[in-house]
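coordinates only, sequence not included:
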């Protein structure tokens, strides 16, 4: 398995809309393993393919927060939200592509997601709590949406400015 470099804000790649996965093959399964390894190494609980520079509608999630033998990795291909709960929940979200920044975000408390599995079959899953939030966050990535887009314009602009300045400084020193 290979740990992939993460795409960091303000890279415009993060705003790309990802393309559907056409087929499940061995190469895609290896890429899923790489994504999981990258997510665990970061460490994070979710990762969209676009965050490692691949504009595919693919994401990995593991909210177990456990070490190797207790992990519960999930891979979703072409996921789409087909239903949302009426209730709203608020979670403090962060993002591997926006390191060390966290903010409270309101989202539906539950979702129903339809997706293609690595087994090549269609699945439907009802999720609530942290899993529902994580699915919504990662599916947003596939559509070029970041969690900071749910913040006020002032807060969002401050975050973008901070990361743009850091990226500029990194280029100058490199």
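Arrived safely, thanks for sending. The model shown is predicted, which means the values in this text are computed figures rather than measured ones. Numbers count the residues shown, from 1 in each chain.

Helices of this structure, residue ranges please.
26-41, 129-142, 153-173 (DSSP state H).

Identify the residue nearest residue 107 in space, chain neighbours excluded?
residue 136 (5.0 Å; Cβ to Cβ, 6 or more residues apart in numbering). C-beta here means a position set from N, CA and C on the backbone, and glycine is covered the same way.

Enumerate every residue touching the one you found.
Residue 136 makes contacts with 81, 107-108, 111, as judged by Cβ atoms under 8 Å, 6 or more residues apart in numbering.

Please work out which of the helices of the chain is packed deepest.
Stretch with highest mean neighbour count among these: helix 129-142 (a mean of 22; mean count of other Cβ atoms under 10 Å).

What mean pLDDT does it get?
Taken as a whole, helix 129-142 carries a mean pLDDT of 98.

Same check on stretch 157-169?
94.

Repeat that for stretch 65-77.
Here stretch 65-77 scores 84 as its mean pLDDT.

end to end, how far does that stretch reach?
Using Cα to Cα, to the nearest Å, the end-to-end distance of stretch 65-77 comes to 22 Å.

what do you get for stretch 42-52?
First-to-last residue span, stretch 42-52, Cα to Cα: 12 Å.

Please state the offset of that stretch from the chain centre?
Its chain's average C-alpha position is 5 Å from that of stretch 42-52, according to Cα atoms, centre = their mean, to the nearest Å.

follow-up on the earlier one: could I get the contacts of residue 136 as TSV with neighbour count, distance to residue 32 and pLDDT?
Formatted as TSV, these follow (neighbours: other Cβ atoms under 10 Å; distance: Cβ to Cβ, whole Å; pLDDT from 0 to 100):
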residue	neighbour count	distance to residue 32	pLDDT
81	17	21	98
107	21	25	98
108	17	26	98
111	22	21	98
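
Now, these that are in strands?
81, 107-108, 111 (DSSP state E).

Export these to TSV and append columns for distance to residue 173.
Formatted as TSV, these follow (distance: Cβ to Cβ, whole Å):
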residue	distance to residue 173
81	41
107	37
108	42
111	42
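
coming back round to it: closest to residue 100 out of the helices of the chain?
Nearest of these to residue 100, taken as Cβ to Cβ: helix 153-173 at 10.1 Å.

Model confidence for residue 173, exactly?
73.

ok, it to residue 156 distance?
26 Å (Cβ to Cβ, to the nearest Å).

on that earlier part again, could I get the helices of the chain in CSV, plus columns for distance to residue 98?
Below are these laid out as CSV (distance: least, Cβ to Cβ, whole Å):
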stretch, distance to residue 98
helix 26-41, 15
helix 129-142, 11
helix 153-173, 7
